[in-house]
Structures are given as C-alpha cells and as structure tokens.
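[1] sequence plus the predicted model coming up.
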Amino acid sequence: MAVTAVALLLAGGIFALASRSSDAAAQASLTVNLPPPVNDRIYGAPAARGRPIVVIDAGHGGRDPGAGSVSGQVREKELTLILAQALRDELVKRGRVRVAMTRDEDRYLTLEDRAAVARRLNAAMFMSIHIDSAPNPLARGASVYSLSDVASDAEAAGLAARENASGGDGARAGTVDAMLADLAMRTQMSASAGLATRLVNKAAGRVELRPNPHRFAAFHVLRRADAPAVLFEAGYLSNADDELMLREPATREKMVLALAQAIEADVASHARR
C-alpha cells in the first residue's frame with residue numbers, strides 16, 4: 001500500500017508539472033493580430049442594383065499618416081477618409097452608381113491592396129483621394145492626376161515616386177514595362193485622361209484649382225486598377241488657406257458635389273459606347 005501511495009503521489013506531481021508547463025507555454029505563446037481582409041462591401045440604394053461600381057480610395061491610413069497640416073492639428077489620412085466617405089454618401093444618395101471603398105477606417109493598405117479592390121469588383125472607375133504638401137507654403141489648389149508612363153512635369157514625377165514608395169509592394173519593373181506596351185494599358189491611360197478632364201471641368205469655378213490642374217505620371221495604384229483611374233489631390237496641407245478650406249464642411253460639400261457629378265458623367269459616357 002505504501003508503494004502504491006508513493007506511485008500515486010509521483011504521478012500527481014508529474015501531472016501538475018506538466019500542467020504548469022503547458023500553462024507557461026500557453027502564456028509564452030505569441031499572438032499575432034492579423035488585419036481584417038480588404039473590404040469589398042458595395043454601397044448603393046436598392047434602385048441602383050446592377051449599376052456600375054465606382055471604387056473610392058482614401059489615401060494613406062494606419063501607420064502611413066501622409067502629409068501633416070500647417071497647424072499640426074490634422075493629417076492627410078484623416079481628411080482623405082472624411083472626403084471619401086462624404087463622396088460615397090453623395091453618390092449613394094444620387095443613385096446613379098454603386099460605390100465600394102478601399103478603406104472605411106484608419107488602417108494601412110498597400111497600393112496593391114487598394115487596386116485589387118477595383119479588379120475584384122470589375123469596377124467602372126477608380127478614384128484615389130489625397131492631399132498634397134509642398135516646400136512652398138504659398139502653393140495651393142486642387143489637381144487631378146491621370147496615368148501615364150511619362151510624367152507631365154518634374155513635380156508630377158516626384159509626387160508619383162513618393163506615393164509609389166509610401167504604399168508598400170510597389171511596381172515591379174519587368175511587369176510595368178510589359179504592361180505599358182500593351183494596347184489595354186494605352187486604352188486605360190486614355191480613359192484616365194478623359195476622366196481627369198471631366199473632373200477639372202466640373203470643379204472649375206466651384207473648387208480652388210492650381211494652375212494647369214490636370215497632370216499625369218506613372219502612379220502604381222492607378223496602373224493596377226484595370227479601370228479608368230485618377231488621383232485627386234484636394235489641395236495642400238502645407239498651405240494655411242487650403243487647410244482651413246479642407247476642414248470646413250461647407251467647402252468640402254462643394255468639392256464632393258463636383259466630384260460626384262464628374263464621376264456620373266464619365267460613367268454615363270462609357271455606358272453609351
């Protein structure tokens with residue numbers, strides 16, 4: 001009986017040690033918080049069922065704040081999301097298109113993540129919203145960038161280089177060269193330029209525009225969207241007047257209306273072809 005008791009005590013001790021080791025291992029295990037999948041939610045009134053899909057991309061987000069403002073009170077990623085959400089709501093209310101967003105919260109996405117939303121949904125259009133910054137504090141006004149393998153000017157080339165670098169897994173040179181030679185890519189560039197022209201025309205007189213507001217460069221996110229695509233720079237956060245304008249709801253409302261009307265006109269023009 002004594003031997004049996006000792007054996008039982010030893011077995012119990014071994015079990016307790018094993019349990020504590022298991023608990024310690026569980027506590028020492030590494031927990032990785034994976035980001036949620038990219039959102040493919042489509043917004044639209046019931047009457048808009050079957051209408052073309054427009055993807056709105058709020059630039060930057062998460063660990064990538066984008067440009068800072070003159071006052072230091074707001075960052076690009078916050079204002080781009082506000083503008084994107086307001087544009088989504090306006091388009092849904094008007095009911096002529098359906099809308100998807102690359103992000104609807106403060107989260108980081110690569111350029112490829114953003115463009116992939118448009119490809120998966122077979123979008124009729126892709127618009128990426130950003131806000132610029134410049135060393136010259138007097139620089140101000142909105143601009144529209146379309147896709148091109150050759151930049152319109154040195155500033156456009158520099159902006160494209162910064163945006164391409166900021167969004168992770170950028171363009172791969174071999175793939176880019178092959179795509180630029182393809183007829184489909186040239187067609188996409190032409191469609192992007194047409195969309196940019198409509199945006200400028202609708203914004204003129206309602207939105208503060210910079211001189212020569214339509215510019216072009218090799219933006220990776222526009223190239224990979226596989227749809228007519230533009231990058232809209234709503235103004236300069238490095239300019240005090242533009243910062244105040246972009247933080248004013250009434251001014252943003254005018255900008256959003258001009259963008260919505262241009263989007264609808266462009267989608268309608270392609271639907272008639």
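    Structure received.
[2] report the rounded mean pLDDT for the strand or helix carrying residue 157.
    Take DSSP states H and E as the rule and residue 157 turns out to sit in helix 154-166. Averaging pLDDT along helix 154-166 gives 89.
[3] if you count neighbours, what's buried in it?
    Within helix 154-166, the residues that count as buried by 16 or more other C-beta atoms under 10 Å are 156-157, 159-160, 163-164. (Glycine included, C-beta is placed from N, CA and C.)
[4] any chance of CSV for those residues, columns distance to residue 88?
    Supplementary listing: the buried residues of helix 154-166 in CSV, determined by distance: C-beta to C-beta, whole Å:
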residue, distance to residue 88
156, 27
157, 31
159, 25
160, 25
163, 21
164, 25
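[5] looking at those, spot the one nearest residue 65.
    For those, the residue nearest residue 65 by C-beta to C-beta is residue 163; the value is 13.8 Å.
[6] which residues touch the closest residue to the closest one other than its chain neighbours?
    Distance criterion C-beta to C-beta, 6 or more residues apart in numbering; nearest residue to residue 163, sequence neighbours excluded, is residue 219 at 6.1 Å. Residues touching residue 219, when contacts are defined by C-beta atoms under 8 Å, 6 or more residues apart in numbering, comprise 128, 145, 147, 160, 163-164, 231.
[7] next one: residue 264
    With contacts taken as C-beta under 8 Å, 6+ apart, residue 264 has the following neighbours: 91, 94, 96-97.
[8] same thing with residue 261?
    Residues in contact with residue 261 (C-beta under 8 Å, 6+ apart) are residue 202.
[9] report the secondary structure state of the residue nearest in space to the middle of the chain.
    Nearest to the mean C-alpha position of the chain, by C-alpha atoms, centre = their mean, lies residue 57 at 3.0 Å. The three-state label for residue 57, taken from DSSP: H, G, I helix; E, B strand; the rest coil, comes out as strand.
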